[in-house]
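>>> Next input, structure requested:
(one chain, ligands or ions: 1)
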Amino acid sequence: MELANMISVPMSLNAIVRLNVPDAIWEGGSNTPLSAAQIVARVQPSGDPENLQRILRMLTSYGVFQEHLTHSERKYSLTEIGKTLVTDADGLSYGPYVLQHHQDALMGAWPLVHEAVVDPTCEPFVKANGEPAYGYYGKRPEMNGLMQKAMSGVSVPFVTALLDGYDGFGGVQRLVDVGGSAGDCLRMILRKHPHVREGINFDLPEVVAKAPQIPRVTHVGGNMFESIPAADAIFMKWILTTWTDDEVKLIMENCYKALPVGGKMIVCEPVLPEKTDESHRTRALLEGDIFVMTIYRAKGKHRTEEEYRQLGHSAGFPHIQAFYIDYVFTILEFRK
Ligand SMILES: C[S@@+](CC[C@H](N)C(=O)[O-])C[C@H]1O[C@@H](n2cnc3c(N)ncnc32)[C@H](O)[C@@H]1O
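Okay, here's the model as predicted:
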């Protein structure tokens, strides 16, 4: 029954982000437990407190809120998971990622997951919407904007962990971020490493057209399947997952051509464990794998370290080293 009713979980999470509930409870850091009536008064004064409480209770059972039960009144504060949905000083959080995943166009693909088995040549998203996801976002500025905000909201905490736990940028003067979206990763890497003189944020032309100006960063529009700007090192986060093995090989070959001998391709991707288990981490990675299959590429996938090693070898990279410094993303350093 838990599995059969599971859709209530992501849709309720989407609802509380839409209603700005996390920001209302957080209120500048107070995180004071509030009743549903108090939250409704802050976010939607004409709203229904009882229905909000039903959502808060259910999400409490998934660790998003903590329930404080006093004299038969229920109050809710944010857990560490709930806090990831609070908007920070730069306007970022995991909230836009939740909203991005539950837009109508993406939701329309989910009843068609079985089609990825029946016909793996065409993504469920394409069956539902008539064209691939990135092209679809590109024609719709509001979707493109939400996608960029979603990527920034998830990337910033990860890059903070990366800059603390990985020091692979020594000696790099020119760094390209392939598929860098709004350029947040480069902004943070360049701020920490002043010796990197130039960052190239390389993404689709319609994406870089909306990217903000960042000191020492040049935005370059293009197609990674054709060519990638030359650099001492290449950074690539959350790119390879959404493509097939043949496409990944092509992207890696273009990276290889863009690098000098000894140059690094620094890849950050969700990397699957060899053995399946029931941990939250493994579940999150396997659920993301089905998301990729449904929305982006029926044969795009989350891969194991060994699968990445094989793909790197096939593109010409003789060396690969893995750094497990984050819960979701693994750093895979390929050296030419
Ligand atoms: C999942 S997002 C990752 C964004 C960013 N690296 C991050 O982690 O926040 C994938 C990115 O790849 C870009 N992309 C898709 N196809 C591309 C192509 N053919 N050439 C260059 N970039 C592309 C998308 O526009 C998007 O910004």
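>>> Span of stretch 100-107 from start to end?
End-to-end distance of stretch 100-107 (CA to CA, to the nearest Å): 10 Å.
>>> For the chain, what lies in contact range of the ligand?
By CB under 6 Å from any ligand atom, the residues of the chain that approach the ligand are 134, 151, 155, 179-181, 203-204, 207, 223-225, 237-239. C-beta: built from backbone N, CA, C; applies to glycine.
>>> wait, Pro215 sits on Leu186?
No - Pro215 lies out of contact with Leu186 (CB atoms under 8 Å); the separation is 10.3 Å.
>>> Which one's more surrounded, the two?
The neighbour count for Pro215 versus Leu186, taken as other CB atoms under 10 Å, is higher for Leu186 (28 against 8).
>>> how near is the more buried one to Trp238?
As judged by CB to CB, to the nearest Å, Leu186 and Trp238 stand 14 Å apart.
>>> Tell me where the model's unsure across this protein.
Along the chain, the model assigns pLDDT under 70 to no residue.
>>> Would you map out the domains in it?
The chain resolves into domains spanning 8-83, 95-335 when parsed by automatic domain parsing.
>>> what's the first-to-last distance across the first one?
The straight-line separation of the ends of domain 8-83 (CA to CA) is 20 Å.
>>> Return the distance of it from the chain's centre.
Computed by CA atoms, centre = their mean, to the nearest Å, the chain-centroid distance of domain 8-83 equals 24 Å.
>>> from here on, count from 153
Renumbered: residue one is now 153, and that last one reads domain 160-235.
>>> Tell me which of the domains of the chain is the most buried.
Of all those, domain 247-487 has the most neighbours on average by mean count of other CB atoms under 10 Å, namely a mean of 18.
>>> what's stretch 193-200 in contact with?
Leu171, Asn172, Val173, Ala176, Glu179, Leu186, Val192 (CB atoms under 8 Å, 6 or more residues apart in numbering).
>>> The residues of the chain next to the ligand in strands, which ones?
Using DSSP state E, the members of the residues of the chain next to the ligand that fall in strands are Asp355, Lys389.
>>> Which members of the residues of the chain next to the ligand are the farthest-apart pair?
Spatially, the most separated pair among the residues of the chain next to the ligand is Ser307 and Phe377, at 22.4 Å (CB to CB).
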